[in-house]
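>>> give me the fold of what follows.
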Amino acid sequence: MTEISGECKPGFEAVAEAFALNFAEHGEIGAGTAVYVGGEKVVDLWGGVADEEAGTPYTADTLQLVFSTTKGATAACANLLAQRGELDVDAPVAEYWPEFKAAGKENIPVRWLLTHQAGLPYVDAVLTLEEALAWEPMIRALERQAPAWEPGTAHGYHATTFGWLVGEVVKRISGKSLGAFFHDEFSVPLELEFWIGLPDEQQHRVAPLLQWDVFGGSGADNDAAADPGLAAVIAQFMGPDTMLGKALAAPSGVLATAEGGFNNPAVRAAEIPAANGVTNARSLARFYAGLTGPLAGGPSQAILGPEQVAKASERQTFGSDKCLMFETTLGLGFFVASPFALYGGPKAFGHAGAGGSVGFTDPENAIGFGYVMNKMSMSLNGDPRSGGLVKAVYESIGVEPTYA
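Modelled structure (predicted):
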């Protein structure tokens, strides 16, 4: 039996049971989950193995790369600037970033960057790994690029480009890189261990990500490599010539194919604000709790006020996503609760990451939730592991989840 450590306040035993079940029935290897309710931490659990090769345990000190769960942090930066009146999301991007207007992009508003409607889900330019990690070459490439569809007419998941696009707007307004802005405005006041651009002294704490199994199963018999038919279906959906395949691989496939991929310290050290945030469940839950409510022993008011929260969580997209090929539900940079984004409450919003990590806030029920793991599943919006945890959270507070 996997050893589970941490704390669980009385009344939240169902969450601990669901967490243990993930190891027993869903192939969990190493993971953490945390929950804040009413500004107080009520669950903070971790368990399993951080590094299978080294045999090191998953501990309270372990950090995890969380892929697109990072987008929630990036979206929060833009929403904070909007709340302060420094960013008008309906103004053209070129008002803040003049070079962006090239190739027919002069009328694209910032809103369409946040809602994945800009038509820039991948990068046409061929770039090296060094260029992809250096920021400026990515920005120059996106400046030169023409949209893949008429902006505003459709939405398609900007899997990696979202971070450079929104991040450059934040940089032009604030004078700080996205990672520095997030650190100063969120990590410091909320006392988070959450980085976009991981410092060298924190690299040793990161649990390596493990093989991406198909559809959340465990074991080699669920691997696409062992099922040619399934592999063919996946290739049709996200192969290198598909819109999603190009979006996930941007730029030029160099991030995923670098030695070690996203386990490469150099990739973790760069600022890739759509995909390489490093944190733990405790900080992820605290981030979302503090985003929309006061924290016990912390800030006495939410970082985003009710008006901006309403704007952030208002659904902006409907219909099929041009990259993911099914309906996605986007607010101002966050996913909003729906059958696609299983966040529990109808007003909840947050972001999940490839492989299964997820964080969200439910302002109506004063919930901040975080789940991170090293065993990736075939998931872009959560999986049975996080789903079981979310159901248990709502069961614990006596609320029937709208989505879970």
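
>>> tell me where the chain has strands.
4-8, 30-37, 40-51, 56-57, 64-65, 278-279, 335-336, 349-352, 358-362, 367-373 (DSSP state E).

>>> dump the residue contacts of L209.
L65, G261, F262, N263, G355, N374, M376 (C-beta atoms under 8 Å, 6 or more residues apart in numbering). (Glycine included, C-beta is placed from N, CA and C.)

>>> closest to I196 out of those residues?
I196 lies nearest to L65 out of the contacts of L209, by C-beta to C-beta, at 10.7 Å.

>>> I figured C323 hits M243, correct?
Yes. If you go by C-beta atoms under 8 Å, C323 and M243 touch, sitting 4.8 Å apart.

>>> more neighbours: which of those two?
C323 (24 against 19; other C-beta atoms under 10 Å).

>>> measure that one to Y122 for me?
9 Å (C-beta to C-beta, to the nearest Å).

>>> cool, T2 as well?
39 Å.

>>> before we move on, the earlier item: out of the strands of the chain, the one nearest L198 is which?
strand 278-279 (4.7 Å).

>>> for the record, mean pLDDT for that closest one?
Throughout strand 278-279, pLDDT has a mean value of 99.

>>> got the contact list for it?
63-66, 192-196, 198, 202, 206, 268, 287, 370, 372.

>>> switch to 7 Å and redo it
L63, Q64, L65, V66, E193, F194, W195, L198, V206, R268, V372 (C-beta atoms under 7 Å, 6 or more residues apart in numbering).

>>> now neighbour count too, for those residues, in a markdown table please.
Output for the contacts of strand 278-279, formatted as a markdown table (neighbours: other C-beta atoms under 10 Å):
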| residue | neighbour count |
| --- | --- |
| L63 | 23 |
| Q64 | 29 |
| L65 | 26 |
| V66 | 33 |
| E193 | 16 |
| F194 | 25 |
| W195 | 23 |
| L198 | 23 |
| V206 | 20 |
| R268 | 24 |
| V372 | 33 |
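
>>> now render these as CSV, adding distance to A31 and pLDDT.
Output for those, formatted as CSV (distance: C-beta to C-beta, whole Å; pLDDT from 0 to 100):
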residue, distance to A31, pLDDT
L63, 13, 99
Q64, 8, 98
L65, 13, 98
V66, 12, 98
E193, 16, 98
F194, 17, 99
W195, 19, 99
L198, 19, 98
V206, 14, 98
R268, 19, 98
V372, 7, 98
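
>>> of those, closest to L127?
For these, the residue nearest L127 by C-beta to C-beta is R268; the value is 18.5 Å.

>>> that closest one and I108, how far apart?
Taking C-beta to C-beta as the criterion, R268 is separated from I108 by 31 Å.

>>> now do K391
For K391, the distance to I108 - C-beta to C-beta - is 39 Å.

>>> A60 now?
44 Å.

>>> check A91 too.
Relative to I108, A91 is positioned 10 Å away (C-beta to C-beta).

>>> the two - which one has more neighbours?
Taking other C-beta under 10 Å, A91 and I108 do not tie; I108 has more neighbours (22 against 13).

>>> now the more buried one: closest residue in space that isn't a chain neighbour?
Excluding the flanking residues, the one nearest I108 by C-beta to C-beta, 6 or more residues apart in numbering is P151, at 4.8 Å.

>>> the one you found touches G119, doesn't it?
Yes. Using C-beta atoms under 7 Å, P151 is in contact with G119, at 4.8 Å.

>>> quick one: which of these two has more around it?
Comparing P151 with G119 by other C-beta under 10 Å, the one with more neighbours is G119, at 23 against 18.

>>> returning to what we had before: closest to A34 among the contacts of L209?
N374 (16.1 Å).

>>> about what we covered before: which one of the contacts of L209 is nearest to Y157?
G355 (15.2 Å).

>>> look at the closest one and say how many residues are nearby.
Count around G355 with other C-beta under 10 Å applied: 27.

>>> and the nearest residue to it once chain neighbours are set aside, how far from V399?
Residue nearest to G355 in three dimensions, not counting chain neighbours: M376, with 3.2 Å by C-beta to C-beta, 6+ apart. Per C-beta to C-beta, M376 is found 30 Å from V399.

>>> also R385?
Distance from R385 to V399, by C-beta to C-beta: 21 Å.

>>> compare neighbour counts for these two and give me the winner.
R385 (27 against 15).

>>> shouldn't the more buried one be in contact with I29?
No. Taking contacts as C-beta under 7 Å, R385 lies outside contact range of I29: 10.9 Å.

>>> picking up where we left off before, T2 and Y122: which is more packed in?
Of the pair T2 and Y122, Y122 is the one with more neighbours under other C-beta under 10 Å, namely 22 against 17.

>>> quick one: residues contacting the more buried one.
T161, K246, A247, A250.

>>> same thing but 10 Å
145, 148, 156, 158-161, 243-252, 323 (C-beta atoms under 10 Å, 6 or more residues apart in numbering).

>>> what of V126?
A141, P251, S252, G253, V254.

>>> can you do 8 Å?
Counting by C-beta under 8 Å, 6+ apart, V126 makes contact with P251, S252.

>>> next one: it from M243, what distance?
In terms of C-beta to C-beta, V126 sits 18 Å off from M243.

>>> same thing with G370?
Noted for G370: a distance of 30 Å to M243, by C-beta to C-beta.

>>> now swap in V37 and tell me
Applying C-beta to C-beta to V37 and M243 gives a distance of 39 Å.

>>> how many neighbours does E3 have?
Using other C-beta under 10 Å, the number of residues around E3 comes to 11.

>>> and G175, by the same measure?
When counting by other C-beta under 10 Å, one arrives at 9 neighbours for G175.

>>> quick revisit: spit out the residues that contact R385 and I29 alike.
Contacts common to R385 and I29, judged by C-beta under 8 Å, 6+ apart, are M373.
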